[in-house]
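Engineer: Below are the sequence and a predicted model; questions follow.
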Amino acid sequence: MSESYAIMGEDGWTEIVGQEMLGEQTRGGTPAASTLSPVLGAGGGGYDLLGAAQEMLQRSPAFAQYAAKRAAAGRPITHRQPLQRARDWDLSFGPVSGAASTTTVITVAPQCLFRGEKMMATDDATPVGTGSRITQVLIGQRLQRPATGGGSLTLFFAQTSLGNGLKWDTCQAALSISITVSFIVATTFNAVVFGKAVVG
């Protein structure tokens, strides 16, 4: 007669297991039978007992907690992340008026971390945007466009232009942004730079 014994599980429930389950007889040769038949008889009572135990485990608060812990262990770990302080911002350059053939530098200090991503500019010449040129952009001492050449017509940075997106260097809080404007005719220049800022 096979000997049976009991194993205590982690959750405090006792699972009854027959000695035969660990022996060579489970690997083949013998027909499937209840390993608890030496204890409960040949009527399949072992399977009935294990089924009842499973139902009890499912109704148990201790089992529910154990199952929840096991399920949580398989999920991704999450953590709280602070909200970003970056927000959309804009800087205005102008209005500045100039006579024909003169040059002016417009300087703005954002006083926070700022990176320009889009520039729109205009002047009141006829046609609009043809009376001035943007010849240089500096962030601190860093050039954002070539200093050589005649610069770009203000018209190229019109509100309806598709080519006015840009990625400037980030301006530190202690630095300033300077735009050099050359006037072709006497006109008034206006510009705005949109971007991201980190405000204290």
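Structural biologist: Perfect, I can see it now. Numbering: from 1, shown residues only.
Engineer: From now on I want contacts and neighbour counts done on CA atoms only, so please keep to that.
Structural biologist: OK.
Engineer: Where does residue 159 sit, in terms of helix or strand?
Structural biologist: Secondary structure from DSSP states H and E places residue 159 outside every helix and strand.
Engineer: Just the pLDDT for the closest residue to it other than its chain neighbours.
Structural biologist: In space, not counting the residues next to it along the chain, residue 159 is nearest to residue 120; the distance is 5.7 Å by Cα to Cα, 6 or more residues apart in numbering. Per-residue pLDDT puts residue 120 at 94.
Engineer: Likewise for residue 25?
Structural biologist: 43.
Engineer: same deal with residue 66?
Structural biologist: Predicted confidence (pLDDT) for residue 66: 77.
Engineer: Please enumerate the helices of this protein.
Structural biologist: Along the chain, the stretches classed as helices by DSSP state H are 37-40, 45-59, 61-73.
Engineer: circling back: tell me the spacing between the residue nearest to residue 159 and residue 168.
Structural biologist: Residue 120 is 14 Å from residue 168, where distance means Cα to Cα, to the nearest Å.
Engineer: hmm, who's touching stretch 188-200?
Structural biologist: By Cα atoms under 8 Å, 6 or more residues apart in numbering, the surrounding residues in contact with stretch 188-200 are 85-98, 112-125, 132.
Engineer: mind redoing it with 7 Å?
Structural biologist: 85-98, 112-124 (Cα atoms under 7 Å, 6 or more residues apart in numbering).
Engineer: Okay, buried residues for it please.
Structural biologist: 188-198 (16 or more other Cα atoms under 10 Å).
Engineer: Next, count neighbours for the nearest residue to residue 182 once chain neighbours are set aside.
Structural biologist: Nearest residue to residue 182, sequence neighbours excluded (Cα to Cα, 6+ apart): residue 103, at 4.4 Å. Using other Cα atoms under 10 Å, residue 103 has 16 neighbouring residues.
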